[in-house]
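Enquirer: Sequence first, then the predicted structure, then my questions.
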Amino acid sequence: MSTAKPPASPYSGSKATDLASHLSPAARTPKRPEISATTLKQWLREMFLIREFEVRCMQAYQDKKIGGFCHVYIGQEAVAVGCVAALQHRDPLVTAYRDHGHALARGMAPKHCMAEMFGRIGGCAKGKGGSMHMFDKANNLFGGHGIVGAQCPLGAGLAFGTKYEDEVINGGKSDRVTMCFLGDGALNQGAFHEAMNLAGLLDLPVIYVVENNGYSMGTAIERGTTMGHRIIAKAEGYGIEGVEVDGMDVLNVYASMKDLVDRCRATSRPAMVDMRTYRYKGHSMSDPRKYRTREEEEQYEANDPIGKLEKHLKQAKLLTDAEQEKMYDAVREEVRAGVAWAEASPVPSMDELYHDVYVERWGPYTGTSLPLMLRENQ
Amino acid sequence: MTALAATPLSGLLDGVGTAREIEFRDAIREAMSEEMRRDKRVFLMGEEVAHYNGAYKVSRGMLDEFGPRRIIDTPISESGFAGLAIGAAMLGLRPIVEFMSWSFSLVAADPILNHAPKMLYMSGGQFGCPIVIRGNNGAGGQLGSTHSWCVEAMYSNVPGLKMAMPSNPYDAKGLMKTAIRDDDPVFFLENERLLSFKGHVPEAEYFLPFGKAAVRRVGSDVTLLSWGRPVHFCLEAAEALAKDGISCEVIDGRTIRPMDWDTLFASVRKTNCCVVVDQSWSFASPGSEVAAQVSLHCFDDLDHPVARVHSDDVPAPYAFNLEQEMLPNARKICEAVRAVVRRA
């Protein structure tokens, strides 16, 4: 880490804190579990896949192949990868609009994710959802959602649903955990607070992971959020455990989240995580980032989660330079092929306009059917 | 209210066994309870639905039968519990959400308008939202303007949802049974002024399809179309107009989405005259949609432009006399009918 004085942290609230304290929150850090070299390399691959995918997204957006809003996940890769690793496949996941990373971490093929952004029929939602609406039923991904905080009650509902199925319908014990991601900007939405109250009240097995990147669009957290330097204070108000986690280190994310997920599964009590992270790029593709300094960005980029895991693996002699290059080349090829596949996928036919509006066929509406992505997998 | 009771519903009851007289609220409860006995995926959630036995006693006794895991009291947190129910519906459950009043649904506009009706489309057919949202809609009890919403105009504008608005216990039960089994989100609009209204409801199970209107009174001079409580005002007006030799055909639309255009157009082609009675405000409403569609499809059959009777274009007042004047009522309907029939 640089010896230069760190810039004023966006997390400071009323008192100034530095980068080091931001990324080493004063919270209990569970003992790091033993992780196999294979798994660590898999995580490195997934994080690199997300970054490479997002780089190609930015290019495609500049080339006007992607329309509308597009929010990239670069810098936050350790969060999605570490959190998903802590879940079981059958655990529901729901997130906000910065959702490509979660979709890929959950197992969506890059080609389906990219085709969705290209507005093609091969997209996960047939090109009807776009960048902010990645859904993958086979991988229990219940969407990217475009309205800030709106996914929080949905997350409570997914947890209510799994518990109801496990206990009321099947007569067993609640055995699934829902993970609901939100940005720090969503902390100020009513939907978040109503969802937290309901989750606490109804004992819902849901974990709210606040991907605290310090900015809601261009507004630094201390300018929009009370107790911005310690947001888990919000959880206390709802009788919910709050945990602070350094989200720039995938091992740390996994260790903290695995512990939390296991406890949530066992106790069916909700939790909230202040996941400290940073988005290297703008809020969306149209954001020139004039509200923060280049120096601040460089500080965080020097703490990169991918570089950190690369270093860790190499120091432990678990990864050679040649091996890494081979892995990265394979990822680049996978993403390149995904982009080509997306470009080759046809645009939706005009018949799609009145399809998937209602399940039932009536009037001009032609019913519904699963996307190609799910039919391929079946 | 006497007008509808005097109107025979026997034609609707053929083949469904003996009928009893029960209240509107009992009919809704019977439909929900029958479906909950059949399907464990169905549950009821809302403010005061359980321990209080329902703010309007619609869910009376349901906690005793189904227990607190399926009849769920919520805090006053419409956005939260509506969104929660939508999440549960995405997972495959079949929630019934009670809003004590549809007026309170405005704070839940994002989940109920921006999520439930769009989920299937946004997800490319992956996640539907089989939810029923129900509660009291419309003015009439001196509740003032914030509690007197007629949401049908604003909400029926949104594709992806269905909307039912029954006028009597028989329809309420048959439409509710259909709503709960429907795979799409259904907005079910009840009316506090109708909850104690009694009507014939058969013992045997039955369903009413959406998009099928009922002709409540056969007539030849003018077609009156309405939904929910104002259907009663139409029947009252028709009775009064009959004394003056004006024969009204009264159609109860039953559902607003889908709308039964076939029944309406066939009637207008017979009477050559149409008055739509809609308790919401006139601007961009079911009434204005009906006027547009009838003008388009029955242009050559019409002897007079379609007339509309709505609530006055003002916030609902508290004072009893002002409120009654603001709502569509039999006098206003009679005036509208006389104006079009005379000029025809």
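Expert: Yes, it's here.
Enquirer: Could you list the buried residues of stretch A:328-348?
Expert: For stretch A:328-348, the buried set under the neighbour-count rule, 16 or more other C-beta atoms under 10 Å in any protein chain shown, comprises A:328, A:331, A:334-335, A:338-339, A:341-342, A:345, A:348. Yep, even glycine has a C-beta here, placed from its N, CA and C like the rest.
Enquirer: The residues you listed in strands, which ones?
Expert: With strands taken from DSSP state E, there is no overlap with the buried residues of stretch A:328-348.
Enquirer: Now render these as JSON lines, adding pLDDT and distance to chain B.
Expert: Shown next, in JSON lines, are these (pLDDT from 0 to 100; distance: C-beta to the nearest C-beta, whole Å):
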{"residue": "A:Tyr328", "pLDDT": "98", "distance to chain B": "31"}
{"residue": "A:Val331", "pLDDT": "98", "distance to chain B": "26"}
{"residue": "A:Glu334", "pLDDT": "98", "distance to chain B": "23"}
{"residue": "A:Val335", "pLDDT": "98", "distance to chain B": "22"}
{"residue": "A:Gly338", "pLDDT": "98", "distance to chain B": "18"}
{"residue": "A:Val339", "pLDDT": "98", "distance to chain B": "20"}
{"residue": "A:Trp341", "pLDDT": "98", "distance to chain B": "17"}
{"residue": "A:Ala342", "pLDDT": "98", "distance to chain B": "15"}
{"residue": "A:Ser345", "pLDDT": "98", "distance to chain B": "13"}
{"residue": "A:Pro348", "pLDDT": "98", "distance to chain B": "9"}
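Enquirer: Make JSON lines from these and add distance to A:Asp259 to it.
Expert: Below are those laid out as JSON lines (distance: C-beta to C-beta, whole Å):
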{"residue": "A:Tyr328", "distance to A:Asp259": "31"}
{"residue": "A:Val331", "distance to A:Asp259": "29"}
{"residue": "A:Glu334", "distance to A:Asp259": "32"}
{"residue": "A:Val335", "distance to A:Asp259": "33"}
{"residue": "A:Gly338", "distance to A:Asp259": "34"}
{"residue": "A:Val339", "distance to A:Asp259": "38"}
{"residue": "A:Trp341", "distance to A:Asp259": "39"}
{"residue": "A:Ala342", "distance to A:Asp259": "38"}
{"residue": "A:Ser345", "distance to A:Asp259": "41"}
{"residue": "A:Pro348", "distance to A:Asp259": "44"}
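Enquirer: Need the max-distance pair from the residues you listed.
Expert: Using C-beta to C-beta, the buried residues of stretch A:328-348 reach their maximum pairwise distance at A:Tyr328 and A:Pro348, which is 33.7 Å.
Enquirer: In the stretch 151-300 of chain B, what residue lies closest to chain A?
Expert: Per C-beta to the nearest C-beta, B:Asp183 is where the stretch 151-300 of chain B lies closest to chain A, at 3.7 Å.
Enquirer: Run through chain A and note the low-pLDDT ranges.
Expert: Along chain A, the model assigns pLDDT under 70 to residues A:1-22, A:24, A:26-30, A:377-378.
Enquirer: which stretches of it form strands?
Expert: With DSSP E applied, chain A shows strands at A:93-95, A:141-144, A:178-183, A:206-212, A:215-216, A:219-220, A:241-246, A:271-276, A:361-362, A:365-366, listed in chain order.
Enquirer: Any chance of CSV for those, columns mean neighbour count and distance to chain B?
Expert: Conversion of these to CSV gives the following (neighbours: other C-beta atoms under 10 Å in any protein chain shown; distance: least, C-beta to the nearest C-beta, whole Å):
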stretch, mean neighbour count, distance to chain B
strand A:93-95, 28, 7
strand A:141-144, 28, 6
strand A:178-183, 29, 8
strand A:206-212, 29, 10
strand A:215-216, 22, 17
strand A:219-220, 18, 21
strand A:241-246, 22, 19
strand A:271-276, 27, 15
strand A:361-362, 14, 5
strand A:365-366, 17, 8
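Enquirer: can I get those in CSV with distance to B:Arg269?
Expert: As requested, the strands of chain A are exported to CSV (distance: least, C-beta to C-beta, whole Å):
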stretch, distance to B:Arg269
strand A:93-95, 50
strand A:141-144, 46
strand A:178-183, 54
strand A:206-212, 56
strand A:215-216, 58
strand A:219-220, 60
strand A:241-246, 67
strand A:271-276, 62
strand A:361-362, 23
strand A:365-366, 26
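Enquirer: between the ones you listed, which one is nearest to B:Arg193?
Expert: Comparing these against B:Arg193 with C-beta to C-beta, the closest turns out to be strand A:361-362 (30.3 Å).
Enquirer: That closest one: partners in the sheet, and parallel or antiparallel?
Expert: For strand A:361-362, the paired strands and their directions (DSSP bridges) read strand A:365-366 (antiparallel).
Enquirer: what's in contact with the partner strand?
Expert: A:351, A:354-355, A:357-358 (C-beta atoms under 8 Å, 6 or more residues apart in numbering or on different chains).
Enquirer: So what's the gap between it and the chain middle?
Expert: With C-alpha atoms, centre = their mean, to the nearest Å as the basis, strand A:365-366 stands 34 Å off its chain's centre.
Enquirer: Stretch A:247-258 too?
Expert: The chain centre lies 13 Å from the centre of stretch A:247-258; the measure is C-alpha atoms, centre = their mean.
Enquirer: quick one: buried residues of it?
Expert: Residues A:247-258 are the ones in stretch A:247-258 that count as buried (16+ other C-beta under 10 Å).
Enquirer: Out of the residues you listed, flag the one nearest to chain B.
Expert: Minimum separation from chain B among these (C-beta to the nearest C-beta) is found for A:Met257, which lies at 20.9 Å.
Enquirer: The closest one contacts A:Asp91, doesn't it?
Expert: No. Contact criterion C-beta atoms under 8 Å: A:Met257 and A:Asp91 do not qualify, at 11.4 Å.
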